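# With the input below, show me the fold.
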Amino acid sequence: MNIVIDEHSVWTTSLKADRLLNRLPSEQIAHLGDGFEWEITDADVVVARRYLIGARVQAIVLGREIATMTAAPDAVVSQHPALRHLVTR
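All right, here's what the predicted structure looks like:
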């Protein structure tokens with residue numbers, strides 16, 4: 001996977017982590033709006049592991065795991081007894 005890591009990618013990954021950690025003010029979330037790519041990607045995990053520290057890294061890693069689970073509900077979520085009710089068919 002070729003990933004271009006620049007100041008912008010570090011900044012966007014930091015914003016995503018701060019939103020997951022409830023550190024991003026609602027005004028800033030509203031300002032960025034729906035045009036901002038809020039989805040956590042594999043590239044975000046690479047950036048976080050290389051350039052972020054502490055809770056931000058863990059938030060991005062966990063956010064990606066959750067995104068992966070929700071993208072393939074039949075593979076993961078529907079098999080988990082506590083989460084089975086979340087799957088809509």
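
# which strands and helices sit next to the one helix or strand K16 maps to?
For K16, the enclosing helix or strand under DSSP states H and E is helix 7-20. Judged by 3 or more C-beta pairs under 8 Å, 6 or more residues apart in numbering; DSSP states H and E, helix 7-20 is in contact with helix 26-32, helix 42-51, helix 55-71. (Each C-beta comes from the backbone N, C-alpha and C, glycine too.)

# Tell me which of those helices is the most buried.
The highest mean neighbour count among these, using mean count of other C-beta atoms under 10 Å, belongs to helix 42-51: a mean of 18.

# Leaving out sequence neighbours, find the closest residue to the residue nearest the centre of the chain.
Centroid-nearest residue in the chain: I40, 3.0 Å away (criterion: C-alpha atoms, centre = their mean). On the basis of C-beta to C-beta, 6 or more residues apart in numbering, the spatially nearest residue to I40 that is not a chain neighbour turns out to be G63, at 3.9 Å.

# I'd say the one you found and D18 touch.
No. If you go by C-beta atoms under 8 Å, G63 and D18 don't touch, sitting 11.4 Å apart.
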